[in-house]
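# no sequence for this one, just the structure:
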DNA sequence: TATTTTTTCCGAATTGTATCCGAACAAGCA
DNA sequence: TGCTTGTTCGGATACAATTCGGAAAAAATA
């Protein structure tokens, strides 16, 4: 950011630009959005973009940051509720909420997530991953019997990344081969089965050694 | 493609352009690759790009097609071997091969996969998905006891998409929280556990109803 | 309030990139 | 060889990104 907005008016301008970025991007895709489009939608002159952003790329960066921040803001308050539920219910709940979140405002965020890579999304993804890790940790602490599961970091890595992508990809597909609800159910089952299987294994081992 | 190359010389030109596309893209990322860069690397004039491609975008499209085709060419011959292995071994083998494939040629394909969305990769992904579905189907046929698993389409959707993404993301991360081998092991376990758990369930049901 | 200083906004001018096009060159063919 | 078709090229054109200098608005000062 070339300069920081000091006055309220300027902050509104910055905000309008970011909003306009989402709108333009949702409509034309990232490659085809021009600075003029963004400026027009935001109702500001083209020059104003460069008052607060070094270049077009940086507008996208900030958009990605905001998207991640909003996603985290969605998840954080759900944590206390989720950790008390059975694993399958927790997964279902989380994914349904995430779906609704992505589809707000004409699915603006969904379209953003589709082009996530373009936006250098990856660099900004870390906080979200951390939040989800935290959710997993909290969940495990509320269900002490699950703490015996092996390779928890690896498995949560897989579930988090695989889960995010499977959902985003599904919501992006024009004619998905399966329903969203089936997908959610599948993910819930996958995770549910895994934990159950692991716990059964542990129990068996415990029985052996006793 | 505006025109088809008829002479050998022209085919070489087209090929050089596509190769140059991969090199330029791996070096600068998709947003920052210019037509001049591609032309220079390919050793042709800028004008030549437009003899066989309608625009820069289409070069990327063709690159994506080639990437998918090459991936399929990697997987196809592995199928007969994979279907005879235990599920965990099959997953391990497939992923190790895929990793090596992505890291050929200075990890050119890996960098391509990172920016997959940008390239309109999704549209071209279908054949790959189909191939993997076919692999799953073949596998199931060679292990008839697994055919009783419920929701096979959903679960293979999740495993295929989640698996591809988890691997690509992992290989892209500068400092991944887990080893690649751990990731592979985790995926193998996830899939292994799931099938085992499902089969245990089925068996129990069978016992009940008899 | 009048004046000065700071912040914000703008859009024409500049710069760079994608794309087009017609001349020049090479290949196939009679 | 002369003719036709395919191929290559790089300057010309069009359009998008970015810059810049000054006008307008807001804040600070007196």
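That came in fine, so what should we check first? Bear in mind that the values here come from a model prediction, so they are computed numbers and not experimental data. Numbering: from 1, shown residues only, chains lettered A, B, ... in the order given.

# List the residues that contact the residue of chain A found nearest chain B.
Chain A approaches chain B most closely through residue A:162 (2.7 Å), counting by Cβ to the nearest Cβ. C-betas here are computed from N, CA, C, even on glycine. Shown in contact with residue A:162 (Cβ atoms under 8 Å, 6 or more residues apart in numbering or on different chains): B:158, B:161-163, B:165-166.

# Check the residues you listed for the minimum pLDDT and say which it is.
Among the contacts of residue A:162, residue B:165 carries the lowest pLDDT, at 84.

# does that one sit in a helix or strand, and which one?
helix B:152-172 (DSSP states H and E).

# Okay, buried residues for that helix please.
Residues B:152, B:154-172 are the ones in helix B:152-172 that count as buried (16 or more other Cβ atoms under 10 Å in any protein chain shown).

# Same check on stretch A:53-64?
A:53, A:56, A:58-64.

# From residue B:99, how far off is the one residue sitting closest to the centre of chain A?
Per Cα atoms, centre = their mean, the C-alpha nearest to the average position across chain A is that of residue A:71, at 5.3 Å. Residue A:71 sits 29 Å away from residue B:99, taking Cβ to Cβ, to the nearest Å as the criterion.

# likewise residue A:150?
23 Å.

# now do residue A:57
Residue A:57 is 30 Å from residue B:99, by Cβ to Cβ.

# what's the answer for residue A:111, then?
31 Å.

# Contact residues of chain A facing DNA strand D?
Residues of chain A lying near DNA strand D by Cβ under 7 Å from any atom of the strand: A:7-9, A:33-36, A:46-47, A:49-50, A:54-57.

# so where is chain A shaky, pLDDT-wise?
Residue ranges of chain A with pLDDT under 70: A:1, A:116-120, A:209-210.

# 90 instead, please
Chain A contains residues with pLDDT under 90 at A:1-3, A:29-32, A:105-126, A:164-169, A:171-175, A:200-210.

# Okay, and the residue of chain A found nearest DNA strand C sits in which element?
With Cβ to the nearest atom of the strand, the shortest gap between chain A and DNA strand C falls at residue A:47, namely 1.6 Å. If you go by DSSP H and E, residue A:47 is part of helix A:46-52.

# more crowded one of residue A:111 and residue B:99?
Set residue A:111 next to residue B:99 and count neighbours by other Cβ atoms under 10 Å in any protein chain shown: residue A:111 wins out with 21 against 17.

# Let me see the contact set for the more buried one.
A:25-26.

# Just the element for it, please.
Per DSSP H and E: helix A:87-114 holds residue A:111.

# following the one helix or strand residue A:28 maps to, which helix or strand comes up?
Using DSSP H and E, residue A:28 sits within helix A:8-32. Downstream of helix A:8-32, the next assigned helix or strand under DSSP H and E is helix A:35-42.

# Tell me what angle the helix holding residue B:165 forms with helix B:87-114.
Relative orientation of helix B:152-172 versus helix B:87-114 (axes from the mean of the first three to the mean of the last three Cα atoms, to 10 degrees): 60 degrees.

# how far is helix B:152-172 from where the chain is centred?
10 Å (Cα atoms, centre = their mean, to the nearest Å).

# Same question for stretch A:104-117.
10 Å.

# Kindly report the domain assignment for chain A.
A:1-54, A:63-209 (automatic domain parsing).

# Any residue of the shortest one touching chain B?
It stands for domain A:1-54. Yes - interface with chain B: domain A:1-54 contributes A:30-31 (Cβ under 8 Å from any Cβ of the partner chain).
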